[in-house]
Structure formats: C-alpha cells, structure tokens
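Engineer: Here's a sequence, model it:
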Amino acid sequence: MQRPTVLNRLTGKLPQQADASATLRFQSKNELPVVRCMDLAKTAGDEVTFDLINPINGKPIMGEHYAEGRGERMDFSQDKLRINQTRKPISAGGQMTQQRTPHQLRTLARDQGFNYMTRLEDQLGLVHLAGARGFANDIEWAVPLASDPDFKEIVVNPVKAPTRNRHFVSTSDGIERVSVNAGEIQIATTDVMNIDVVDALRTLFDSMPLPPPSVKFEGDQA
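Structural biologist: The predicted structure follows:
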C-alpha cells in the first residue's frame, strides 16, 4: 500500500486495527475522493462491503421545546464490490541463462514485477474513475482494450460511465449540461478547454450541494 502511485495521492491512510471498533469497517478516511476498503477478513466470499453515512438534515429544536424522541435518525447506504486475485509471473530464466549475463536476473525480475503491478493498480483506478477504457494501447498499458476477451475479468467490477447529469460540455467561454439533438451531442470547434472552462467548473463545485472531496496531501500545509 506504500507504492508511489497516483491513486494513493487521492486516498487516505488506513486506520490501525487498535483504532477500529468492531462495528466499523476497516477502511480509509472518507475525506478524500477515493476510499480504500480492506474489509477482507469479515466473511468468506469474493466481495467486500462498505458503508456510506448519509448527511442529516431537518429542523433544529429551539428554546425549551422537548427534544426527547425527536432525534434525527442516522441513515446508512451500503454497497459492495467484487474482489479477485491478480498475479504476473516473470521468468528470469534458468541457471545457464544467469551464467550468460552479468545482470542479476532474479532481482531485475522482482523490480519489473513491482513496476508492472504499480502501473496496473493506477490504470485500473483510472479506467473505473473515467468510466471507459479508452483507445490508447502502447507499451505502458497493462489493462487491455475493452474489446479484449479477458477485459471484464481483469477489471473485476463493471466499468460504468457517470450518468448524464454528471457530464458537462465546453461552450468555449464556460460549460453547459449535455443536451442531445436527434440522438447526438452538438460539439463545435470553438468548444475548447481553456481557463474560462476551468473557472466555470470550479464555480460549479463551490456552489453544488455535497461536492466531491478535494485532494489533500499528507503534510501539505496548504
């Protein structure tokens, strides 16, 4: 879990076992965009379950009005994800292969495997966050294209794109919600990414209810 990955920068630290009560899931803090759940030892099976605590609302009780029996009920939502084992064997050759080269092949193979798994973890996270695999398929990619017969097994959980109300389109000087005309989205050559689009997105996030958490870096005073 200490790998220097992009995804780890969006995820808080896991709590220590002594800090987690029996009623809480062993998962990282919910103050960051990504929550890592390590609740793998509760029950047998190929799924992990995590709880989402919904915010409370309603009217306050003023003055000396009775508060007994009028407490706001805590509301939880529960979801689950499938898990699977991932392996990547690397052949370092036999004794004669090692004899023919001055390099320490076993050490190099371990480093290669570490680098591969780091990239795989990042790319799986990016695919699920983006809601699509995309078409880039150079030597850096460990996740195959969506057309690959093993794609669904490798990504474990279904890759789901955000719903339409989570999409915004550039208008060259701001953003607007997606509107479909005859089954197609109208995009002009002037609909580019510029500072006005960034400002509009920031304004949207600042004014929306329950915005996504911001990224916080460990030890960053800002």
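
Engineer: hang on, residue 121 is in a helix, isn't it?
Structural biologist: Yes - under DSSP: H, G, I helix; E, B strand; the rest coil, residue 121 sits within a helix.

Engineer: Could you pull out the buried residues of the stretch of helix or strand residue 117 belongs to?
Structural biologist: For residue 117, the host element (DSSP states H and E) is helix 105-130. In terms of neighbour count (16 or more other Cβ atoms under 10 Å), helix 105-130 has its buried residues at 105, 117-118, 120-125, 127-128. All C-beta atoms are positioned from the backbone trio N, CA, C, and that covers glycine.

Engineer: nearest to residue 71, of the residues you listed?
Structural biologist: residue 128 (37.4 Å; Cβ to Cβ).

Engineer: helix or strand right after the helix holding residue 117?
Structural biologist: Following helix 105-130 toward the C-terminus (DSSP H and E): helix 151-155.

Engineer: who does that following helix touch, helix- and strand-wise?
Structural biologist: The contact analysis (3 or more Cβ pairs under 8 Å, 6 or more residues apart in numbering; DSSP states H and E) places helix 151-155 against helix 105-130.

Engineer: re earlier: pLDDT averaged over the helix holding residue 117 - what is it?
Structural biologist: Confidence for helix 105-130, expressed as mean pLDDT, is 86.

Engineer: secondary structure element for the residue lying closest to residue 174 once chain neighbours are set aside?
Structural biologist: Spatial nearest neighbour of residue 174, excluding adjacent residues (Cβ to Cβ, 6 or more residues apart in numbering): residue 200 at 4.3 Å. Element membership for residue 200 (DSSP H and E) is helix 195-207.

Engineer: Return the set of buried residues in that helix.
Structural biologist: If you call a residue buried by 16+ other Cβ under 10 Å, then helix 195-207 has these buried ones: 197, 200.

Engineer: Only alpha carbons, please: show that helix as PDB.
Structural biologist: Backbone C-alpha positions of helix 195-207 (Å, rounded to 0.1, in the frame of the first residue of the first chain) are rendered in PDB as follows:
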ATOM      1  CA  ILE A 195      -9.300  29.000 -18.400                       C
ATOM      2  CA  ASP A 196     -12.900  30.000 -18.600                       C
ATOM      3  CA  VAL A 197     -14.000  26.400 -18.600                       C
ATOM      4  CA  VAL A 198     -11.800  25.700 -15.600                       C
ATOM      5  CA  ASP A 199     -13.300  28.700 -13.800                       C
ATOM      6  CA  ALA A 200     -16.800  27.600 -14.600                       C
ATOM      7  CA  LEU A 201     -16.100  24.100 -13.200                       C
ATOM      8  CA  ARG A 202     -14.600  25.500 -10.000                       C
ATOM      9  CA  THR A 203     -17.600  27.700  -9.600                       C
ATOM     10  CA  LEU A 204     -19.900  24.700 -10.100                       C
ATOM     11  CA  PHE A 205     -18.000  22.600  -7.500                       C
ATOM     12  CA  ASP A 206     -18.100  25.500  -5.000                       C
ATOM     13  CA  SER A 207     -21.800  26.000  -5.300                       C
END
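
Engineer: If anything else comes up later, I'll come back, but that's it for now.
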